[in-house]
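J.: structure for the following, please:
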Amino acid sequence: QVQLVGSGGGLVQAGGSLRLSCAASGSTFSNYAMGWFRQVPGKEREFVAVITWGGSRTLYADSVKGRFTISRGNAKNTVYLQMNSLKPEDTAVYYCAAGRVLTAIESNYWYWGQGTQVTVSS
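T.: Numbers count the residues shown, from 1 in each chain. Predicted coordinates:
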């Protein structure tokens, strides 16, 4: 069984930065792409970024390109989302997820973390 635990959310002023982390555990966790999605109450969950198992390829939503950076730890079971130049519209619950392919399509992700709240004040 694979478990994902996200952390690092909080309250920050517009223009500030936060770094989210997600740690994966489970004896079968190998060769998974890891990504981040976010959701605002009343809206559908939306894709933010994803990185391959080896870390060589990434994919970003247009809304975060140039501001957010996704990366993996050396052990590959941890993924980070460095969020810079944050805007109030980045406020959401952020979920990490793991899947087999580099994709923005939510249904392709097999495992999900519990979510961490990010609030950006104006």
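
J.: partners of the residue lying closest to Tyr60 once chain neighbours are set aside in the sheet?
T.: Spatial nearest neighbour of Tyr60, excluding adjacent residues (CB to CB, 6 or more residues apart in numbering): Ala49 at 4.8 Å. Glycine gets a C-beta too; all of them are placed from N, C-alpha and C. Legend: beta-bridge partners of Ala49 under DSSP bridges are Trp36, Tyr60.

J.: per-residue pLDDT, Ala49?
T.: Ala49 is assigned 98 on the pLDDT scale.

J.: that one against Thr58, yeah?
T.: Yes - using CB atoms under 8 Å, Ala49 is in contact with Thr58, at 6.6 Å.

J.: quick one: which of those two has more around it?
T.: Taking neighbours as other CB atoms under 10 Å, Ala49 and Thr58 compare with Ala49 leading, 23 against 16.

J.: and that one, what does it touch?
T.: Ala49 makes contacts with 35-36, 58-61, 64, 68, 70, 81, as judged by CB atoms under 8 Å, 6 or more residues apart in numbering.

J.: just give me the closest of those to Tyr95.
T.: Trp36 (7.0 Å; CB to CB).

J.: break down the chain into its strands, ranges please.
T.: Using DSSP state E, the strands found in the chain span residues 3-7, 10-13, 18-25, 33-39, 46-51, 58-60, 68-72, 78-83, 92-99, 109-112, 116-121.

J.: report the set of residues contacting both of Ala49 and Thr58.
T.: Ile70.

J.: do you know how far the nearest residue to Gly16 once chain neighbours are set aside is from Gly42?
T.: Using CB to CB, 6+ apart and skipping residues adjacent in sequence, the residue nearest Gly16 is Leu86, 5.5 Å away. In this structure, Leu86 and Gly42 are 21 Å apart, going by CB to CB, to the nearest Å.

J.: who has more neighbours out of these two?
T.: Leu86 (22 against 5).

J.: let's see the distance spanning stretch 97-108 from one end to the other.
T.: Using CA to CA, to the nearest Å, one end of stretch 97-108 lies 10 Å from the other.

J.: quick one: mean pLDDT over that stretch.
T.: Here the average pLDDT along stretch 97-108 is 96.

J.: sounds good, over and out.
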